[in-house]
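**Q** pasting a predicted model and its sequence here:
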Amino acid sequence: MNRQKIILFLIVLGLIGATAGVLAHAKSNQRLGAPGVKTAPLAGSQNLEVLLPAALSGFKSEALPQADIVVNMLPQDTSYGQRLYTTDDGFQTLANVVLMGSSRASIHKPQVCLTAQGWTINDAASHVDQVHVERPVPYDLPVMHLIATKTGEMNGQKVTEQGVYVYWFVDADRFTPSHAQRMLWMAHDVLFKSELDRWAYVTFFSVCAPGQADATFERMKKLIAASVPEFQLVPKAVK
């Protein structure tokens, strides 16, 4: 190795060490930010319950516990909220919120959730969409709108279902449908504010027959528009 390469190697090594030192210092001095969703303490636990609305016009709802596989996989201080919303004609949407604690590992790339359950995501049909919300101020909530397909067997017959999976992230001040944007904001706030943003990962999921994905999403939008003001704390009302 010649002298120039040795110098370059030492510079790179020094930069890596300096970066690691800055991150370690930021982590040791950081505070945990406030959540962007409504919560309540759980008796005998350090965790919180995310308060999804129980009563919404036109919907019945049922609180559901998180699956053991999810709870056992994520950090112990992760908090949850989950409800199944059903209309009189049988339409159903599962709303779920995962709220991180002191570990960013509570939230992973969203597509992992679907593929782990046997769904195949149609990337060409998936895109960022908008859901108009009227309260506390009129605004358009950007969401990631995924279309997925799953094939199984029922009574000896092959059955294909479509899934409409809508998600976004929210902290105390911001919301985004982008996993990359969330990570950039988080890194910025850790380094420059010594604050670990407490992000919530919000999802709404409905299953439908092939060809019904658009109609299903329209019904889901109504549920999202009605429920979000009841549990999401941003944007804030204008005073």
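**A** Everything's here; your move.

**Q** secondary structure element for the spatially most central residue of the chain?
**A** Nearest to the mean C-alpha position of the chain, counting by C-alpha atoms, centre = their mean, stands residue 201 at 1.9 Å. Residue 201 is part of strand 200-208, with elements assigned from DSSP states H and E.

**Q** now do the strands in the protein.
**A** 31-35, 39-41, 48-50, 60-63, 79-86, 92-99, 120-121, 127-133, 139-154, 157-170, 175-176, 195-198, 200-208 (DSSP state E).

**Q** contact partners for the nearest residue to residue 32 once chain neighbours are set aside?
**A** The spatially closest residue to residue 32, leaving aside those adjacent along the chain, is residue 196, at 5.3 Å (C-beta to C-beta, 6 or more residues apart in numbering). From N, CA and C alone the C-beta is placed, and that goes for glycine too. Taking C-beta atoms under 8 Å, 6 or more residues apart in numbering as the criterion, residue 196 is in contact with 30, 31, 32, 33, 102, 104, 186, 189, 190.

**Q** hang on, the earlier thing: any chance of the strands of the chain in TSV with distance to residue 111 and mean pLDDT as columns?
**A** Compiled in TSV, the strands of the chain are given as follows (distance: least, C-beta to C-beta, whole Å; pLDDT from 0 to 100):
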stretch	distance to residue 111	mean pLDDT
strand 31-35	24	96
strand 39-41	26	97
strand 48-50	22	97
strand 60-63	26	98
strand 79-86	19	98
strand 92-99	15	98
strand 120-121	6	96
strand 127-133	14	98
strand 139-154	7	94
strand 157-170	9	95
strand 175-176	16	98
strand 195-198	21	96
strand 200-208	12	98
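
**Q** parallel or antiparallel, list what pairs with the strand holding residue 201.
**A** Strands flanking strand 200-208 in the sheet, each with its direction: strand 92-99 (antiparallel), strand 157-170 (antiparallel) (DSSP bridges).

**Q** so for it, what gets flagged as buried?
**A** 200, 201, 202, 203, 204, 205, 206, 207, 208 (16 or more other C-beta atoms under 10 Å).

**Q** circling back to that earlier point, who wins for proximity to residue 222 among the strands paired with strand 200-208?
**A** Distances from residue 222 to each of these were compared using C-beta to C-beta; the shortest belongs to strand 92-99, at 9.9 Å.

**Q** what's the closest one in contact with?
**A** Outside of strand 92-99, the residues within contact range by C-beta under 8 Å, 6+ apart are 35, 37, 39, 48, 50, 52, 64, 70, 74, 78-86, 106-107, 198-207, 219-220, 223, 227, 231.

**Q** for the residue nearest to the centre of the chain, give its distance to residue 60.
**A** Residue 201 sits 25 Å away from residue 60, going by C-beta to C-beta, to the nearest Å.

**Q** and for residue 140?
**A** In this structure, residue 140 and residue 60 are 28 Å apart, going by C-beta to C-beta.

**Q** neighbour count winner among the two?
**A** residue 60 (13 against 10; other C-beta atoms under 10 Å).

**Q** for the closest residue to the more buried one other than its chain neighbours, which residues are in contact?
**A** The spatial neighbour of residue 60 that comes closest, neighbours along the chain excluded (C-beta to C-beta, 6+ apart), is residue 86 at 5.0 Å. The contact partners of residue 86, by C-beta under 8 Å, 6+ apart, come to 59, 60, 61, 62, 92.

**Q** tell me how many other residues surround the nearest residue to the first one once chain neighbours are set aside.
**A** Nearest residue to residue 59 in three dimensions, chain neighbours excluded: residue 85, at 4.5 Å (C-beta to C-beta, 6+ apart). Counted with other C-beta under 10 Å, residues neighbouring residue 85 total 24.

**Q** thought residue 85 was touching residue 64?
**A** No: taking contact to mean C-beta atoms under 8 Å, the distance of 10.8 Å between residue 85 and residue 64 leaves them out of contact.
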